[in-house]
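Trainee: Need coordinates for the following:
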Amino acid sequence: MGGIIVNHSGDVVKGTLEALAASPLGGLVKPGARVSVKPNMVLARPPSEGATTHPEIVEGIIIFLREKGVFDIEIIESAWVGDDTKRVYRVCGFDKLSEKYGARLYDLKDDKIRKVKAGNYTFEICEKALETDFLINVPVLKAHCQTRMTCCLKNLKGCISDREKRNFHAMGLHRPIAYLNAVIKTSFCVIDGICGDLTFEEGGNPVARNMIICGQDPVLLDSYCAGLLGFDAADIDYIGIASDLGVGRLYGSETPVIELNADNKPSAPEPSGLARRLSAHIDGDKACSACYSALISALNRAGRYRGGKICVGQGFRGKSGKLGCGDCASGFENYVKGCPPSAAEIAKWLTDL
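Mentor: Residues are numbered from 1 along each chain as shown. Down below sits the predicted model:
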């Protein structure tokens, strides 16, 4: 099922189009197909707060599909229990996107339900997720208080009834999430890695990464993205279970990763919330957002950090010091290699310190 495309871009629409042009999507989707786009519209908070999908990414997808002769495009989602999907669409700007391109918005809370067996489970699944010709999953890469992270695999939970959502929590989330992905077939994934929340699925602690990640295999993508948040894939139970079920394969050193605009990574903006508190341990000088956000995520994973300040950024090239992050700090006494190193690699380095 191919590899992974990673684009570093501060221009979200353009960056999405670049990523899709480098991907196999154009050869996978057929002209005239009915395409369903499934963002993460969990609650009514703007994407800048790190919980919901940026409409600009979906706009890029729509533009790309239309250029390929695909015009039957719908956006499908169901907000979490207790919130109004239609209000979420408005708050996040999807109503304007729908008006601009004629892509229909559907609230899956109003959809017909079909009972589908998967292993020992019987799920209540919204029909639109099952009947579409081509499902494009557009999750936000962010942390989650119960499953540690949420990305492609968990995003399909928005395709089930509210009653089933409650059942998933009662069943412990991980196994039903994996089995759900065995019956709802994702055709392609475009991950919103612009500013996902560092600690919590509701948003409020966004960390700028300015990354758009795409590919066919949701297991491959989730296991790759786990490292961006400072985890191993083995830390997220549903990833391994989904792999065992044949939903996809795990990311490894042999996985092809195409990185776009690697030499033009945007500078990290001023952090906010928890990220600002963690940044007290960082001395940043012309730091790229990918490296800076990976260090922030690793510090959060490490818990209480009591060491000296960690230097990160292009401003430290050719300089010396004690603690550094990334290849730009290769002259330091102790530094973690990579451009950028993953949050998982930095977290291990912090532990070794």
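Trainee: Isn't A51 up against K142?
Mentor: Yes - using CB atoms under 8 Å, A51 makes contact with K142 at a distance of 6.8 Å. (C-beta placed from N, C-alpha, C; glycine too.)
Trainee: and for these two, which residues touch both?
Mentor: Overlap of the contact sets of A51 and K142 (by CB atoms under 8 Å, 6 or more residues apart in numbering) consists of 197, 201, 203.
Trainee: Can you tell me which of these is nearest S223?
Mentor: E201 (19.2 Å; CB to CB).
Trainee: on that earlier part again, sort the shared contacts of A51 and K142 by pLDDT and name the bottom one.
Mentor: Taken together, these show their lowest pLDDT at E201, with 83.
Trainee: count of neighbours near it?
Mentor: 22 (other CB atoms under 10 Å).
Trainee: same check, this time on the one 3 residues further on
Mentor: Around G204 sit 15 other residues, with neighbours defined as other CB under 10 Å.
Trainee: roughly how far apart are P24 and G3?
Mentor: Here P24 is placed at a distance of 9 Å from G3 (CB to CB, to the nearest Å).
Trainee: Revised request: answer the last question for G308.
Mentor: 38 Å.
Trainee: Looking at the two, which is more packed in?
Mentor: Legend: neighbour count by other CB under 10 Å for G308 and G3, higher for G3 (19 against 12).
Trainee: need the contact list for the more buried one.
Mentor: 215, 220, 255-258.
Trainee: and the helix or strand hosting A275, what other elements does it pack with?
Mentor: Assigned by DSSP states H and E, A275 falls within helix 273-278. Contacts defined by 3 or more CB pairs under 8 Å, 6 or more residues apart in numbering; DSSP states H and E place helix 273-278 against helix 289-302.
Trainee: what element comes up after the helix it packs on heading to the C-terminus?
Mentor: strand 310-312.
Trainee: How about residues contacting that following strand?
Mentor: By CB under 8 Å, 6+ apart, strand 310-312 touches 281-285, 287, 291-292, 295, 321, 323-326, 328-329, 332.
Trainee: Report the next helix or strand after the helix or strand bottoming out on mean pLDDT in the chain in sequence order.
Mentor: Ranked by mean pLDDT, DSSP states H and E, the helix or strand of the chain with the weakest confidence is helix 273-278, at a mean of 75. Next along the chain after helix 273-278, taking DSSP H and E as the criterion, comes strand 282-284.
Trainee: What is that next one packed up against?
Mentor: helix 289-302, strand 310-312.
Trainee: How far does the first one sit from its chain's centre?
Mentor: Here the centre of helix 289-302 is set off from its chain's centre by 16 Å, with CA atoms, centre = their mean, to the nearest Å.
Trainee: Averaged pLDDT, it. What do you get?
Mentor: 80.
Trainee: Check stretch 129-141 too.
Mentor: Rounded mean pLDDT across stretch 129-141 is 98.
Trainee: Give the residue spans of the protein that score low on pLDDT.
Mentor: The chain contains residues with pLDDT under 70 at 1, 264-273, 289-290.
Trainee: Where does the closest residue in space to C159 that isn't next to it in sequence sit, in terms of helix or strand?
Mentor: Counting by CB to CB, 6 or more residues apart in numbering, the nearest residue to C159 once its immediate chain neighbours are dropped is A129, at 3.8 Å. Using DSSP H and E, A129 sits in helix 127-131.
Trainee: and whatever helix or strand comes next after that helix, what does it pack onto?
Mentor: Next along the chain after helix 127-131, taking DSSP H and E as the criterion, comes strand 134-138. Contacts defined by 3+ CB pairs under 8 Å, 6+ apart place strand 134-138 against strand 34-39, helix 55-67, helix 152-155, strand 188-193.
Trainee: contacting residues around G326?
Mentor: 291, 312-313, 335-341.
Trainee: Which single one of those is nearest to K38?
Mentor: P340 (28.8 Å).
Trainee: mind listing what that closest one touches?
Mentor: Taking CB under 8 Å, 6+ apart, one finds 288, 290-291, 294, 326 in contact with P340.
Trainee: Who's the closest spatial neighbour of it, skipping the chain neighbours?
Mentor: C291 (3.8 Å).
Trainee: before we move on, what about G321?
Mentor: F332 (4.7 Å).
Trainee: what's near enough to touch that neighbour?
Mentor: Contacts for F332 (CB under 8 Å, 6+ apart) come out as 311, 316, 319-324.
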